[in-house]
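Novice: Need a 3D model of the following:
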Amino acid sequence: MKKRVVLLSALVLCGCMLIGAGAADAASQTQLTRQAITHFQQSPPEEDTSYPGYPTWKTWQIDSCEVFPCRLIEEKDIWELIFTPSDYSSRWICAVNLSAGKITAVQRQHVESCE
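Specialist: Model prediction:
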């Protein structure tokens with residue numbers, strides 16, 4: 001049940017973004033995700049105060065990807081990490097438990113268009 005709630009939250013937050021695995025294969029995505037988890041465990045996501053009243057977080061660059069963290073479940077330290085390669089060829093989203101250092105859910109579904 002808990003995994004379902006996290007997965008559904010991640011899917012709702014991703015909305016109509018284009019998601020795919022074109023820029024990196026699954027192994028590369030997993031490696032980048034693990035590096036991001038380690039980074040955010042050592043240096044927790046910083047709140048971006050550019051938009052008062054809206055909880056947003058500062059992005060982080062890793063290799064050729066921008067990582068955008070979004071808090072899903074504060075009490076359990078569950079975060080959504082959105083990876084966008086610099087060439088915008090694809091995106092992937094992971095729900096991660098930063099306290100445990102584990103990947104909770106991965107979304108690699110490809111969406112052609114949301115218009």
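
Novice: Please identify the helix or strand for the residue nearest the centre of the chain.
Specialist: In the chain, the centroid-proximal residue (Cα atoms, centre = their mean) is L81; its distance is 1.4 Å. Using DSSP states H and E, L81 maps to strand 78-85.

Novice: how about the CA coordinates for that strand, as PDB?
Specialist: Extracted in PDB, the C-alpha atoms of strand 78-85 (Å, rounded to 0.1, in the frame of the first residue of the first chain):
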ATOM      1  CA  ILE A  78      10.800  10.100   0.300                       C
ATOM      2  CA  TRP A  79      11.700  12.400  -2.700                       C
ATOM      3  CA  GLU A  80      11.000  12.400  -6.400                       C
ATOM      4  CA  LEU A  81      14.100  13.000  -8.500                       C
ATOM      5  CA  ILE A  82      13.500  14.200 -12.100                       C
ATOM      6  CA  PHE A  83      16.500  13.700 -14.400                       C
ATOM      7  CA  THR A  84      16.700  15.800 -17.500                       C
ATOM      8  CA  PRO A  85      19.700  15.300 -19.900                       C
END
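
Novice: now for it, which elements pack on it?
Specialist: helix 2-14, helix 26-42, strand 65-73, strand 92-97 (3 or more Cβ pairs under 8 Å, 6 or more residues apart in numbering; DSSP states H and E). No exception for glycine: its C-beta is placed from N, CA and C like everyone else's.

Novice: Single out the most deeply packed of the ones you listed.
Specialist: The highest average neighbour count among the helices and strands packed on strand 78-85, using mean count of other Cβ atoms under 10 Å, belongs to strand 92-97 at a mean of 23.

Novice: Within the sheet, what are the partner strands of the very next helix or strand once past it, with directions?
Specialist: Under the assignment DSSP H and E, the closest C-terminal helix or strand after strand 92-97 is strand 102-107. In the sheet, strand 102-107 lines up against strand 92-97 (antiparallel) (DSSP bridges).
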